[in-house]
Every structure is written in C-alpha cells, then in structure tokens.
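Asks: Model the following, please.
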Amino acid sequence: MRILLLCLVFISQYSSANFDWSNYSKLLTKYTAIAEVSGIHSNLVDYQGFGQDPLYPALLERLALFDSTALTDNEKLAFYINAYNLLAIKLVIDHKPKKSIRDIGSWFSPVWQKPAGVLAGKTISLDTIEHKILRKMKEPRIHFALVCASLSCPNLRTEAYDSQTIDRQLDEQTKLFLADKNKGISIQGNTVYISKIFNWFSEDFTQDKSEQGVLKFIAQYNIEVGRFSRYKTLDYNWQLNRQ
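Replies: Prediction:
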C-alpha cells in the first residue's frame, strides 16, 4: 500500500494540473534581453548562462517525465509551444553552433529533424512538435510564438505560455511580430513586404494558399494591408539570437 501511494504521488507531480512552467519563466526573464543586431530588434538569449543555471536541468528532467496525454486543448497548445522553444534553446546549448541553429544539421539531416529532447520518456524533434502536434491544432498564431533561435523569428516572451491566458498571449505575439517592419510587415510605397513565415505556412493562414488569402489574414491586424493583392517577402536572417 505504501509503495502504491508513493507511485501515485510521483505520478501526480507530473500531471497536467501540476506541471509548473514558472522556472522556465524565471530563466527567460533572467537570460534574455532586447537588443539590436544586424538592424533587427530581438529578444537575445544568454545561452551560456541559461545552460549553467541549476533551474535548467531540473526543468528538462520534469519535461522528460511529463505525460501530456490528458491535456486539454489550451493546455496542450501552451505546453507544446513552451516545449518547442525550450528545446530549441537546448539544441543551441548542446551543440554551440557559431552562426546559426541550422549549422547543427545539414542539407540531408536538418536540425529540425534531429533529436531535440525527451518528452514523456520519448525522444522528440522540433519538427515533430511543430508539424505533427501544433500545426494540427489549426491555430495559425503559433507561428508568432515558436522561436527557432534566429534573429528573424518572433521574439521570445519573457514568460511561459499558460493555458489560462494563451489566447491573449498569442494575440499579443501576433500584433508585436506584425508591427515589426524588419520581421513582420513593411509597407514601402505600393509594395508590402511580409515575413517568409507566411510563405512557408500559407495553408495555415488561408485555405486556398493564395497571396490574397494571406493578406486578408494579416489585414485583421493591420487594416492598411487590405489594399494589397500581392506581396513580396522580407529577407530571413538565420543568425543566432545570441547575446
């Protein structure tokens, strides 16, 4: 009976109701700072400090043991966005690429498909989290929350995503990203330039994958974009978002 009770206590520590992202928020607050690099304002990460903080391995250990099968939709959304961003940071800490997270992989074996960490006792890649879990949830605003350790990515929030506030957080992220003329939208005369994210994931923003459909989505946040029917894309800077 005592063994059974201990097992129940152990399992309850990693249930969806009790999973605690507060230490992740502390790490983000402590080891990220807004700065300008190559003309782009980004929330840059002190990867060395992040990796040496004792909160970091403890967080990874809890993540590896956590069973996400009982999560509600909002809990699942918040959990996997946080997991993606944390494991992208882990990849940089583990491999110490000099210029870009893409240097960790190759043309034949891209970094997105490499083992990034462990969830529920199973090794997982960033590709699996993004394409096989999050994108299937049909929430296009995830693309303004997922941060693949690069300057042109959306900025890391200095707080974890939370199931109770996820809608507000995603809306804030979308507005902040689209308001950034070097990352999201830049209107120059009669031409609108938008992030390549909209090209890569056009089907997530509009059913017909058309340029007009993408612009219609953006116009919900920037009404001026509604006057355009075509767009060009901004250059995407893959340089590490490193302090």
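
Asks: what's around residue 160, how many residues?
Replies: Counted with other C-beta atoms under 10 Å, residues neighbouring residue 160 total 21. Heads up, the C-betas are built off the backbone N, CA and C, glycines and all.

Asks: And the pLDDT for it?
Replies: Note on residue 160: pLDDT of 98.

Asks: and what of residue 209?
Replies: Note on residue 209: pLDDT of 88.

Asks: Show me the shaky parts of this structure.
Replies: Counting by pLDDT under 70, the ranges of the chain that qualify are 1-18.

Asks: now do 80
Replies: Counting by pLDDT under 80, the chain shows low-confidence ranges at 1-19.

Asks: In terms of helix, strand or coil, where does residue 193 fall?
Replies: Following DSSP: H, G, I helix; E, B strand; the rest coil, residue 193 is assigned to strand.

Asks: secondary structure class for the residue nearest to it when sequence neighbours are not counted?
Replies: Nearest non-adjacent residue to residue 193, counting by C-beta to C-beta, 6 or more residues apart in numbering: residue 186, 4.4 Å away. Here residue 186 is strand, with the state taken from three-state DSSP.

Asks: Might you report the residue contacts of residue 186?
Replies: Residues in contact with residue 186 (C-beta atoms under 8 Å, 6 or more residues apart in numbering) are 192, 193, 194, 234.

Asks: List the buried residues in the longest helix seen in the chain.
Replies: Criterion DSSP state H: the longest helix present in the chain is helix 73-95. Residues 74-92 are the ones in helix 73-95 that count as buried (16 or more other C-beta atoms under 10 Å).

Asks: quick one: secondary structure of the residue sitting nearest the centre point of the chain?
Replies: Centroid-nearest residue in the chain: residue 146, 1.6 Å away (criterion: C-alpha atoms, centre = their mean). Here residue 146 is coil, with the state taken from three-state DSSP.

Asks: for the closest residue to it other than its chain neighbours, what are its contacts?
Replies: Excluding the flanking residues, the one nearest residue 146 by C-beta to C-beta, 6+ apart is residue 84, at 5.4 Å. For residue 84, the contact set (C-beta under 8 Å, 6+ apart) comprises 126, 129, 130, 134, 146, 147.

Asks: Kindly recompute the last result at 10 Å.
Replies: For residue 84, the contacting residues are 116-117, 124, 126, 128-130, 133-134, 142, 145-148, by C-beta atoms under 10 Å, 6 or more residues apart in numbering.

Asks: Next: residue 126.
Replies: Counting by C-beta under 10 Å, 6+ apart, residue 126 has contacts 83-85, 87-88, 90-91, 101, 110-117, 146, 148-149.

Asks: let's see 8 Å
Replies: Taking C-beta under 8 Å, 6+ apart, one finds 84, 87, 88, 91, 111, 112, 116, 148 in contact with residue 126.

Asks: out of those, which one sits closest to residue 66?
Replies: Of all the contacts of residue 126, residue 87 has the smallest distance to residue 66: 12.9 Å, by C-beta to C-beta.
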